[in-house]
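1. Structural data only, the sequence is not supplied:
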């Protein structure tokens, strides 16, 4: 065995190692890394014995390598301080409005799959953000679909009812709207309004996303008036102020005016009060119809759950959906999740809403999702980006995930099952791009070099 080598000599002898990989090897002292002057021949790599994964450390706030390590983390006793505070937040909204991108930014980790196509998120995903004495549990949800759209796009019932389930289990709802979309930025969908009505005892905030793509910022004020039914909290919005915005020429003037108007509304309406105060007219509908409706849902079929969900939506009075928005938003935030603009203010607000309580997870936990699922989601994300037609029927599944202790990388093998040979041929055309992009994302996710092998098959 040779003595430890310098970085330059190491790269020269190990041509397949990148500079970033070498730096991680030299700096990651916990692995007790031993560097060798020679690299195994390419023909021998496939026969190299796979050793145990790196030692588990409870203070590491990172994505786990294996389900066993993930289970260890989830079983750890929460290491909360004496003044611990907690809050559960669900991010809901129409498809493709940037919910997952925003949640990743709030978490400060890229965990959730993100794509330009709608319905990339297929189920509720729990993510945990821990800072000082605060622990915030974010629930990212699939896009809310109208019942007819669900049938038209053949979306599974479990996916369609996931946002409603999340809303019944959280302390705060964040409703995301794509302010760039001129067809949807002034109106909440009927199903979104109905879900807000069913869970009207849960405080909610309005989040206008993709503001970086809006050239004329004055349209944001019109969206705010429409989405809040010209009210913020219980204070009526003076719409006549919007008439003055045509005099604001520069973009900075427009932004300053919008900020001052919103701040004025908050001051008058008392919208900065704690969101624990219940809003809405309790005389409409049943007091508890938004909670505990899915008890025993695991024992029911998807069809029965979907039927009950439709029945609950139908109970909402017609007057609820006659408006273009929701009158009981506690606060409004204008952000660009893609540019990470305004996200810090939103995160600070969420932290301020946290209440004293016990943490549910150890501070090292980021998500409850299996590492295999996270890796499969990344490949799914890249397929959504590169394959031209919808890939909802494709099923990437990991067949092998191992740690190569000799060359210090993760070996991931994955099968992509296609419904027919035509789809298989289309996926194979883009396989080089999919594999390259997915490998880069996996490296970022696991913080280690990754060797990815993808195989495209046809379902039997």
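-> Sure, I can see it. These numbers were taken from a predicted model, which means no experiment stands behind them.
2. Secondary structure element holding the spatially most central residue of the chain?
-> Centroid-nearest residue in the chain: residue 100, 3.1 Å away (criterion: Cα atoms, centre = their mean). Using DSSP states H and E, residue 100 maps to helix 99-107.
3. can you check residue 401 too?
-> Residue 401 belongs to strand 395-404, assigned by DSSP H and E.
4. quick one: strands adjacent to that strand?
-> strand 409-418 (antiparallel) (DSSP bridges).
5. residues of whatever helix or strand comes next after the partner strand that come out buried?
-> Following strand 409-418 in sequence order, the next helix or strand is helix 421-429 (DSSP H and E). Residues 423, 424, 426, 427 are the ones in helix 421-429 that count as buried (16 or more other Cβ atoms under 10 Å). Yep, even glycine has a C-beta here, placed from its N, CA and C like the rest.
6. again with stretch 152-165
-> 155, 157, 158, 159, 160, 161, 162, 163, 164, 165.
7. And stretch 218-226, by the same measure?
-> Per 16+ other Cβ under 10 Å, stretch 218-226 contains these buried residues: 219, 220, 221, 223, 224, 225, 226.
8. Show me which of those residues is closest to residue 151.
-> When those are compared for distance to residue 151 (Cβ to Cβ), residue 226 wins out at 28.3 Å.
9. coming back round to it: with residue 125 as the reference, measure out to the residue nearest to the centre of the chain.
-> 8 Å (Cβ to Cβ, to the nearest Å).
10. so where do the helices sit in the stretch 1-150 of the chain?
-> Taking DSSP state H, counting those that start in this stretch as the criterion, the stretch 1-150 of the chain carries its helices at 7-13, 19-27, 42-45, 67-75, 99-107, 147-152.
11. could you give me the average pLDDT of the third one?
-> For helix 42-45, mean pLDDT is 35.
12. what about stretch 103-116, start to end distance?
-> Taking Cα to Cα, to the nearest Å, stretch 103-116 runs 16 Å from one end to the other.
13. Could you give the separation of that stretch from the chain centroid?
-> The chain centroid and the centroid of stretch 103-116 are separated by 5 Å under Cα atoms, centre = their mean, to the nearest Å.
14. Also stretch 150-166?
-> Distance, stretch centre to chain centre, for stretch 150-166: 17 Å (Cα atoms, centre = their mean).
15. Any idea how far apart the tips of that stretch sit?
-> Stretch 150-166 end-to-end distance (Cα to Cα) = 18 Å.
16. on that earlier part again, what about the helix holding residue 100, distance to the chain center?
-> 5 Å.
17. ditto for stretch 178-187
-> 21 Å.
18. Mind listing what's buried along that stretch?
-> For stretch 178-187, by 16+ other Cβ under 10 Å, it's 178, 179, 180, 184, 185, 186, 187.
19. Can you give me the end-to-end span of that stretch?
-> So stretch 178-187: terminal residues 10 Å apart, Cα to Cα.
20. if we can go back for a sec, make a markdown table out of the buried residues of stretch 218-226 and add distance to residue 382.
-> Formatted as a markdown table, the buried residues of stretch 218-226 follow (distance: Cβ to Cβ, whole Å):
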| residue | distance to residue 382 |
| --- | --- |
| 219 | 33 |
| 220 | 33 |
| 221 | 38 |
| 223 | 32 |
| 224 | 36 |
| 225 | 40 |
| 226 | 36 |
